[in-house]
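# Got a predicted model here, sequence first, then my questions.
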Amino acid sequence: MLLAKASQLRHNGRNFLLKAYYFKGALPMFVVIFGRMSCPFCVRAKQLADHLESTGKIEGYRYVDMPTEGVTKEDIAKTAGKPIHTVPQIFVDQQHIGGFTEFDHYVRNKQLLAS
């Protein structure tokens, strides 16, 4: 069950926004992707997370469609602790990774695509 919607969390501080998108009992390697469905890099990030989840490399992921859920880049910037100019923005276990390119590098460095 989702803990809360982003629009209810804007005023509650830096980490509260992100925590709202984690599910109770989520185990390590849980990914949250903030993006827009019209963004090709957001779609690629979601596809990579789908693959990682289906092969058991991550526990799961949550894709947050920013326009639908009322999340802004400013909301994500508060959580990330730095300005956000592009989407997607990806967090692994509540740690800000960056965009798709950084997520892809993270996955490769952790050898999560190896069979």
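That came through fine. Not measured: the values here are computed from a predicted model. Numbering: from 1, shown residues only.

# Give me the below-cutoff pLDDT ranges for this structure.
Flagging of the chain using pLDDT under 70 yields the residue ranges 1-28, 114-115.

# going on from the lengthiest helix in the chain, what's the next piece of helix or strand?
In the chain, with assignment by DSSP state H, the single longest helix is helix 40-54. Note on helix 40-54: by DSSP states H and E, the next helix or strand toward the C-terminus is strand 60-65.

# chain center to that following strand, what's the gap?
6 Å (CA atoms, centre = their mean, to the nearest Å).

# May I have the strands that pair with it, each with its orientation?
Take DSSP bridges as the rule and strand 60-65 pairs in its sheet with strand 30-35 (parallel).

# Taking strand 30-35 as reference, get the angle to the longest helix of the chain.
Relative orientation of helix 40-54 and strand 30-35, computed by axes from the mean of the first three to the mean of the last three CA atoms, to 10 degrees: 160 degrees.

# then helix 40-54 to PDB, C-alphas only?
In PDB, the C-alpha atoms belonging to helix 40-54 read as follows (Å, rounded to 0.1, in the frame of the first residue of the first chain):
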ATOM      1  CA  PRO A  40      12.100   8.400 -23.800                       C
ATOM      2  CA  PHE A  41      14.700   8.200 -21.100                       C
ATOM      3  CA  CYS A  42      12.000   7.700 -18.500                       C
ATOM      4  CA  VAL A  43      10.600   4.800 -20.600                       C
ATOM      5  CA  ARG A  44      14.100   3.300 -20.900                       C
ATOM      6  CA  ALA A  45      14.600   3.600 -17.100                       C
ATOM      7  CA  LYS A  46      11.300   1.800 -16.500                       C
ATOM      8  CA  GLN A  47      12.200  -0.900 -19.000                       C
ATOM      9  CA  LEU A  48      15.500  -1.500 -17.300                       C
ATOM     10  CA  ALA A  49      13.800  -1.600 -13.900                       C
ATOM     11  CA  ASP A  50      11.300  -4.100 -15.300                       C
ATOM     12  CA  HIS A  51      14.100  -6.300 -16.500                       C
ATOM     13  CA  LEU A  52      16.000  -6.100 -13.200                       C
ATOM     14  CA  GLU A  53      12.800  -7.000 -11.300                       C
ATOM     15  CA  SER A  54      11.900  -9.900 -13.600                       C
END
